[in-house]
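Student: predicted structure and sequence below. I'll ask about it afterward.
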Amino acid sequence: MTDVTHYRWRKEYGGLKVEQAKRLKELEQETARLRRAVSDLTIDKPIPGEMREENRQPGPLPGSRV
């Protein structure tokens, strides 16, 4: 292990015990997985306000005769 790696890890995980560091890594991975899932869901489904605007048909202008 290089000195740079050692000091970077020490800065990031300095006060944590081994079990705490493992749990932190697990939680970071779970958070990343959940963010990807939410991102996939929001990309696939339009936002309700956008749906209303897409379905809105242009009508006559106010004050105009049809």
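Tutor: Here it is on my side, so go on.
Student: tell me the backbone dihedrals of Thr2, please.
Tutor: phi -80, psi 160 (degrees, to the nearest 10).
Student: need the phi and psi values for Gln20.
Tutor: phi -70, psi -40.
Student: burial count for it?
Tutor: 11 (other C-beta atoms under 10 Å). Bear in mind the C-beta positions are built from the backbone N, C-alpha and C, glycine included.
Student: same check, this time on the one 10 residues further on
Tutor: As a burial measure, the neighbour count of Glu30 was computed by other C-beta under 10 Å and equals 10.
Student: got the contact list for whichever helix or strand Trp9 is part of?
Tutor: Assigning secondary structure by DSSP states H and E places Trp9 in helix 3-13. Identification of contacts with helix 3-13 by C-beta atoms under 8 Å, 6 or more residues apart in numbering yields Ala21, Leu24.
Student: how about low-confidence regions in the protein?
Tutor: 44-66 (pLDDT under 70).
Student: and the helices in it, which stretches?
Tutor: Ranges of helices in the chain, per DSSP state H, are 3-13, 18-44, 48-55.
Student: just the CA coordinates of the first one, formatted as PDB?
Tutor: Once non-C-alpha atoms are left out, helix 3-13 reads as follows in PDB (Å, rounded to 0.1, in the frame of the first residue of the first chain):
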ATOM      1  CA  ASP A   3       1.700   6.300   1.600                       C
ATOM      2  CA  VAL A   4      -0.900   8.300  -0.400                       C
ATOM      3  CA  THR A   5      -3.500   5.500  -0.100                       C
ATOM      4  CA  HIS A   6      -2.800   5.000   3.600                       C
ATOM      5  CA  TYR A   7      -3.200   8.700   4.400                       C
ATOM      6  CA  ARG A   8      -6.300   9.000   2.200                       C
ATOM      7  CA  TRP A   9      -8.000   6.000   3.900                       C
ATOM      8  CA  ARG A  10      -6.800   7.300   7.300                       C
ATOM      9  CA  LYS A  11      -8.400  10.700   6.500                       C
ATOM     10  CA  GLU A  12     -11.700   9.100   5.400                       C
ATOM     11  CA  TYR A  13     -12.000   6.300   7.900                       C
END
